[in-house]
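Participant: When you get a sec, could you give me coordinates for this:
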Amino acid sequence: MSAANDPGHGNSPAAWTAVVIMLAAFIIGTFAFWFDMSWLVWASAALLVVGLIVGWVLAKAGYGVNGDKYQPKVHS
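Facilitator: Predicted coordinates for the structure are as follows:
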């Protein structure tokens, strides 16, 4: 598949930021559940939603795959 036809598969600053935030929320929530800290489990669930919103806002701000601020990397 050529670089011109490659849709990017979410490899953008918006996607990476959202994934890192949501991965941190999942890890925190897992340990909080393991240590029976219910308030932290709910806080990590809220952080998961925040990660989703941050990714959406960044995509709308132009940092998504089709955004005007996104610069795709050319792979050889």
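
Participant: Would you mind measuring from the most centrally placed residue in the chain to Val50?
Facilitator: With distances taken as Cα atoms, centre = their mean, Ala18 lies nearest the centre of the chain, 1.6 Å away. Computed as Cβ to Cβ, to the nearest Å, the Ala18 to Val50 distance reads 10 Å. All C-beta atoms are positioned from the backbone trio N, CA, C, and that covers glycine.

Participant: next one: Val19
Facilitator: Using Cβ to Cβ, Val19 is found at 13 Å from Val50.

Participant: can you check Ala25 too?
Facilitator: Note on Ala25: its distance to Val50, by Cβ to Cβ, is 8 Å.

Participant: Compare neighbour counts for these two and give me the winner.
Facilitator: Neighbours were counted for Ala25 and for Val50 using other Cβ atoms under 10 Å; Ala25 has more, 20 against 14.

Participant: residue ranges of the helices in this structure, please?
Facilitator: Secondary structure of the chain (DSSP state H): helices at 13-34, 38-58.

Participant: could these go into a markdown table alongside distance to Val65?
Facilitator: Shown next, in a markdown table, are the helices of the chain (distance: least, Cβ to Cβ, whole Å):
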| stretch | distance to Val65 |
| --- | --- |
| helix 13-34 | 7 |
| helix 38-58 | 11 |
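
Participant: so can I have JSON lines of these showing mean pLDDT?
Facilitator: Output for those, formatted as JSON lines (pLDDT from 0 to 100):
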{"stretch": "helix 13-34", "mean pLDDT": "96"}
{"stretch": "helix 38-58", "mean pLDDT": "97"}
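
Participant: Of all those helices, which one is nearest Gln71?
Facilitator: With Cβ to Cβ as the criterion, Gln71 lies closest to helix 13-34 of the helices of the chain, at 9.5 Å.

Participant: Next, the buried residues of the closest one.
Facilitator: Pro13, Ala14, Ala15, Thr17, Ala18, Ile21, Met22, Ala25, Ile28, Gly29, Ala32 (16 or more other Cβ atoms under 10 Å).

Participant: That's all I had, so thanks and see you.
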